[in-house]
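Chemist: Fold the following and give me the result.
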Amino acid sequence: MPSTVVTRTRTTEGTDETMSMTLSLSSARPRLAPHVRLMFDRVRARYVLQTPETVTVLNGTGAAILQLCEGKETVDEIVATLRGRYDRVRADEVRSFVARLVTRGYLEPGGD
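Modeler: Below you'll find the model as predicted:
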């Protein structure tokens with residue numbers, strides 16, 4: 001399976017620090033970062049991703065992916081689980097979604 005280059009910029013003591021890593025999404029076992037919570041918001045009647053600074057409202061697909069990101073299954077296994085539940089699941093879109101959340105620091109890639 002393809003690898004994705006994830007670039008992340010952090011500000012440390014007034015300077016920008018750029019980190020790059022190659023993330024093999026086929027073997028990654030993503031999990032929520034410690035500062036991130038997946039919660040059902042009763043007011044919005046939707047799942048949200050909550051960090052200390054932000055709340056991101058998720059669509060049904062994003063919530064379904066994140067509910068499987070517990071650090072146990074690889075991204076390929078998550079895709080297979082989703083394919084068992086839904087008619088149309090594109091592996092490249094799931095990988096892209098996971099990579100974006102790793103880049104933002106919402107998910108940790110995990111691994112073997």
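
Chemist: buried stuff in the helix or strand residue 78 falls within?
Modeler: Here residue 78 is covered by helix 75-85, with elements defined by DSSP states H and E. Neighbour-count burial for helix 75-85, counted by 16 or more other Cβ atoms under 10 Å, picks out 75, 76, 78, 79, 81, 82. C-betas here are computed from N, CA, C, even on glycine.

Chemist: Stretch 46-63 too?
Modeler: Result for stretch 46-63 [16+ other Cβ under 10 Å]: buried residues 47, 48, 49, 58, 62, 63.

Chemist: Residues contacting it, please?
Modeler: Outside of stretch 46-63, the residues within contact range by Cβ atoms under 8 Å, 6 or more residues apart in numbering are 35, 36, 37, 38, 39, 40, 41, 44, 66, 67, 97, 106.

Chemist: contacting residues for the first one?
Modeler: What that stands for is residue 35. With Cβ under 8 Å, 6+ apart, residue 35 has these contacts: 51, 52.

Chemist: Please, where are all the helices along the protein?
Modeler: Taking DSSP state H as the criterion, the chain carries its helices at 60-67, 75-85, 91-103.

Chemist: beta partners for the closest residue in space to residue 44 that isn't next to it in sequence?
Modeler: Once flanking residues are discounted, residue 44 sits nearest to residue 57: 6.1 Å by Cβ to Cβ, 6 or more residues apart in numbering. Per DSSP bridges, residues listed as beta-bridge partners of residue 57: residue 48.

Chemist: and the gap between residue 57 and residue 43?
Modeler: Between residue 57 and residue 43 the computed distance is 11 Å (Cβ to Cβ, to the nearest Å).

Chemist: tell me, how many neighbours does residue 97 end up with?
Modeler: 16 (other Cβ atoms under 10 Å).

Chemist: wait, isn't it in contact with residue 65?
Modeler: Yes. Counting by Cβ atoms under 8 Å, residue 65 is a contact partner of residue 97 at 5.9 Å.

Chemist: any idea how far residue 92 is from the residue with the shortest distance to the centre of the chain?
Modeler: Most central in the chain under Cα atoms, centre = their mean is residue 98, positioned 3.6 Å from the mean C-alpha point. According to Cβ to Cβ, residue 98 and residue 92 sit 11 Å apart.
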